[in-house]
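Trainee: dropping the sequence and predicted coords here.
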Amino acid sequence: MAQFLFESDLNGLLKLDAPIPNAPPARWQRKAKEVAVASSGHTPDRTAPSPMKPANRSLSTSKTPSKTPGKSGSKAQNTPNKTGGDRYIPSRSVMQMDVAKFLLTKEDTSDESPTKKEHQKAWAMNLNGYDVEEAKILRLSGKPQNAPEGYQNNLKVLYSQKNTPGSTRKNGRYISSVSDRILDAPDIRNDYYLNLIDWSSLNFLAVALDKTVYLWNYDSREIIQLMQMEHPDDYISSVSWIKEGNYLAIGTSNAEVQLWDIQQRKRLRNMVSHSSRVSSLSWNNYILSSGSRTGHIHHHDVRVAEHHIATLAGHTQEVCGLKWAPDGRYLASGGNDNLVNIWPSTQGDNGGFRPVQTFSQHQGAVKVCAILWSTHYKELVSSHGYAQNQLVVWKYPAMSKVIELKGHTARVLSLSMSPDGTTVASAAADETLRLWRCFELDPSRKKEKESSTKSSIIHQGIR
């Protein structure tokens, strides 16, 4: 019999809508009973525990008490008096959905006359009680207004009517501000008037470190020691590659100009014509021009035994920069006398060489090889010293700064361009060489250049 009673109680518990047998009365039932006892004049049992009572307030059976035992609060919560009362059902009639649909689907009427718009506004006021155009339901209209001139907002701008820096950058190109490679250059001479690096068309970088010349193969990363001065007091003062890249000219502190064959790794000849160190060199086909501390520039014809064929006298102090134009018609020279001279490749009517142009506006020594022109862009790069020791890329002819390349901890001494025109090598007094990919071609421009090169080769083959 006890088993049947247990099963009966269990079935009753599983029926959620049935009352629970032998269960204590609900809280609201106890409250109602206490109120009924108080109204009848009987005193309740003080020994039995009772919940906290509200002060001077009568309760009905349809409401829960305003406070829960152990909790405080000022708001009274009403229990729902009908099914579904605990759900929020919006009133569709006050949401103006028809107006919203009309505003979303109606066509643009900006070209209508003002008179027609006034009539439509009057009709809307009579029918709806408000102007439909002013009902901004589910609709965004108008353009964002521009900020007044001079206004600065410290918050990050997410959207703007004007072009953002990110969108204007599409017209430019990415230039890394970090050097692509760093090479050690121990014992490099901290002398701004010397020219100690040069990059050949065969992708060899020649570097003069005190009395030794090293060749670094960019493709294989191989390092070759080409030559070394014999006397301990002598040092290398300049290096320069011929256009074909198989011969290297070396100027020394003892007034010599040496010519080396890098394939055979031997010296071909030693040309002596200066009386002081040779600090700058530049090739023009088979003519090698050299500048010395005395301020004189010598032309050497490397094909003949009597190599010294001309002397250019236009500087009163050391010639620290020489550069022939790509077409070979003019030679630019910069000196410690703050002058820049432009020399012709041919002699004048009197049989001598005179500069066709002289620039005297500089306030310091001029090293023309401290500026390199890009072969891919209308830009140039310049090297600097104290205090930032940086390289700067400039847009030409606006001369606006494109980017600053920082990394050297001492002044930059020399610059040289890679044969493909994409990378600049800089040598500095911090005894490092840094390679900067500041003129790298965009993929689209690179394809155009490759296609043009192929077409030119095809035309040459047909001829």
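Mentor: Thanks, I have the structure now.
Trainee: stretch 223-238: end-to-end distance?
Mentor: The straight-line separation of the ends of stretch 223-238 (C-alpha to C-alpha, to the nearest Å) is 19 Å.
Trainee: and the average pLDDT for it is what?
Mentor: Averaging pLDDT along stretch 223-238 yields 96.
Trainee: so which residues make contact with that stretch?
Mentor: Here stretch 223-238 makes contact (C-beta atoms under 8 Å, 6 or more residues apart in numbering) with 189, 194-196, 206, 208-217, 248-254, 258, 260, 262, 265, 267, 277-281, 290. Any C-beta I mention is one placed from the backbone N, CA and C, and that applies to glycine too.
Trainee: what bridges to Tyr214?
Mentor: Val207, Gln225 (DSSP bridges).
Trainee: next SSE after the helix or strand that His300 is a member of?
Mentor: In this assignment (DSSP states H and E), His300 forms part of strand 296-301. As assigned by DSSP H and E, the chain's next helix or strand after strand 296-301 is strand 308-313.
Trainee: what packs against that next one?
Mentor: Strand 308-313 sits against strand 296-301, with contacts defined as 3 or more C-beta pairs under 8 Å, 6 or more residues apart in numbering; DSSP states H and E.
Trainee: for the strand it packs on, packing partners?
Mentor: Strand 296-301 packs on strand 287-292, strand 308-313, strand 319-324, going by 3+ C-beta pairs under 8 Å, 6+ apart.
Trainee: list the contacts of the strand holding His300.
Mentor: The contact list for strand 296-301 (C-beta under 8 Å, 6+ apart) reads 257, 271, 273-274, 286-292, 307-315, 319, 322, 331, 333, 343.
Trainee: isn't Glu440 right up against Thr422?
Mentor: Yes. In this structure, Glu440 is within contact of Thr422 by C-beta atoms under 8 Å, at 4.6 Å.
Trainee: average pLDDT across the helix or strand containing Met125?
Mentor: Of the helices and strands defined by DSSP H and E, Met125 is found in helix 114-128. What helix 114-128 shows for mean pLDDT is 76.
Trainee: for stretch 254-262, same thing?
Mentor: The average pLDDT within stretch 254-262 is 96.
Trainee: residues in contact with Lys266?
Mentor: Trp260.
Trainee: next, the nearest residue to Ala425 once chain neighbours are set aside: phi, psi?
Mentor: Nearest residue to Ala425, sequence neighbours excluded (C-beta to C-beta, 6 or more residues apart in numbering): Ser416, at 4.7 Å. Main-chain torsions, Ser416, degrees, to the nearest 10: phi -150, psi 150.
Trainee: Ser416: what's it in contact with?
Mentor: Contacts for Ser416 (C-beta under 8 Å, 6+ apart) come out as Ile197, Asp198, Trp199, Leu205, Leu372, Val424, Ala425.
Trainee: now the helix or strand hosting the fourth one - C-alpha only, PDB.
Mentor: Yep, that's Leu205 we're talking about. In the assignment (DSSP H and E), Leu205 maps to strand 204-209. Provided in PDB are the C-alpha atoms of strand 204-209 (Å, rounded to 0.1, in the frame of the first residue of the first chain):
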ATOM      1  CA  PHE A 204      79.300  44.200 -57.500                       C
ATOM      2  CA  LEU A 205      79.600  46.800 -54.700                       C
ATOM      3  CA  ALA A 206      83.100  48.100 -54.200                       C
ATOM      4  CA  VAL A 207      84.000  49.300 -50.700                       C
ATOM      5  CA  ALA A 208      87.200  51.000 -49.600                       C
ATOM      6  CA  LEU A 209      88.000  50.300 -46.000                       C
END
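Trainee: what lies in contact with that strand?
Mentor: Contacts of strand 204-209 (C-beta under 8 Å, 6+ apart): 185-189, 194, 196-200, 213-218, 226, 235-239, 241, 245, 248, 250, 262, 416, 425, 427, 433.
Trainee: dump the helices and strands packed on strand 296-301 to JSON lines, plus distance to His300 and mean pLDDT.
Mentor: Compiled in JSON lines, these are given as follows (distance: least, C-beta to C-beta, whole Å; pLDDT from 0 to 100):
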{"stretch": "strand 287-292", "distance to His300": "4", "mean pLDDT": "97"}
{"stretch": "strand 308-313", "distance to His300": "6", "mean pLDDT": "95"}
{"stretch": "strand 319-324", "distance to His300": "12", "mean pLDDT": "95"}
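Trainee: what about Val366, which SS state?
Mentor: coil (DSSP: H, G, I helix; E, B strand; the rest coil).
Trainee: do the same with Val37
Mentor: helix.
Trainee: so how far is Lys31 from it?
Mentor: Using C-beta to C-beta, to the nearest Å, one gets 11 Å for the distance from Val37 to Lys31.
Trainee: those two - which one has more neighbours?
Mentor: Lys31 (19 against 13; other C-beta atoms under 10 Å).
Trainee: least confident pick among the contacts of Ser416?
Mentor: Leu372 (94).
Trainee: buried ones in the helix or strand it falls within, by neighbour count?
Mentor: Following DSSP H and E, one finds Leu372 within strand 371-373. Residues Ile371, Leu372 are the ones in strand 371-373 that count as buried (16 or more other C-beta atoms under 10 Å).
Trainee: and it, what other elements does it pack with?
Mentor: Applying 3+ C-beta pairs under 8 Å, 6+ apart, we find strand 371-373 packed against strand 379-383, strand 412-417.
Trainee: quick one: closest of those strands to Pro114.
Mentor: The closest of these to Pro114 is strand 379-383. By C-beta to C-beta, the value is 54.7 Å.
Trainee: direction included, what does the closest one pair up with?
Mentor: In the sheet, strand 379-383 lines up with strand 371-373 (antiparallel), strand 391-395 (antiparallel) (DSSP bridges).
Trainee: and the contacts of the longest one?
Mentor: For strand 391-395, the surrounding residues in contact (C-beta under 8 Å, 6+ apart) are 175, 378-384, 400-405, 412, 415, 424, 426, 436, 438.
Trainee: now a ChimeraX select for only the buried ones of those.
Mentor: If you want just the buried ones from the contacts of strand 391-395 in ChimeraX, going by 16+ other C-beta under 10 Å, the selection is:
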select :379,380,381,383,402,403,405,412,415,424,426,436,438
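Trainee: re the thing from before, list buried residues within the contacts of strand 204-209.
Mentor: Listed as buried from the contacts of strand 204-209 are 185, 188-189, 194, 196-200, 213-216, 218, 226, 235-239, 241, 248, 250, 262, 416, 425, 427, 433; burial here means 16+ other C-beta under 10 Å.
Trainee: per-residue pLDDT, the nearest residue in space to Asn190 that is not next to it in sequence?
Mentor: Distance criterion C-beta to C-beta, 6+ apart; nearest residue to Asn190, sequence neighbours excluded, is Ala429 at 4.1 Å. On the pLDDT scale, Ala429 is placed at 95.
Trainee: how many neighbours does Ala429 have?
Mentor: 19.
Trainee: before we move on, what about Pro344?
Mentor: Neighbours of Pro344 (other C-beta under 10 Å): 14.
Trainee: and if you look at Leu391?
Mentor: 26.
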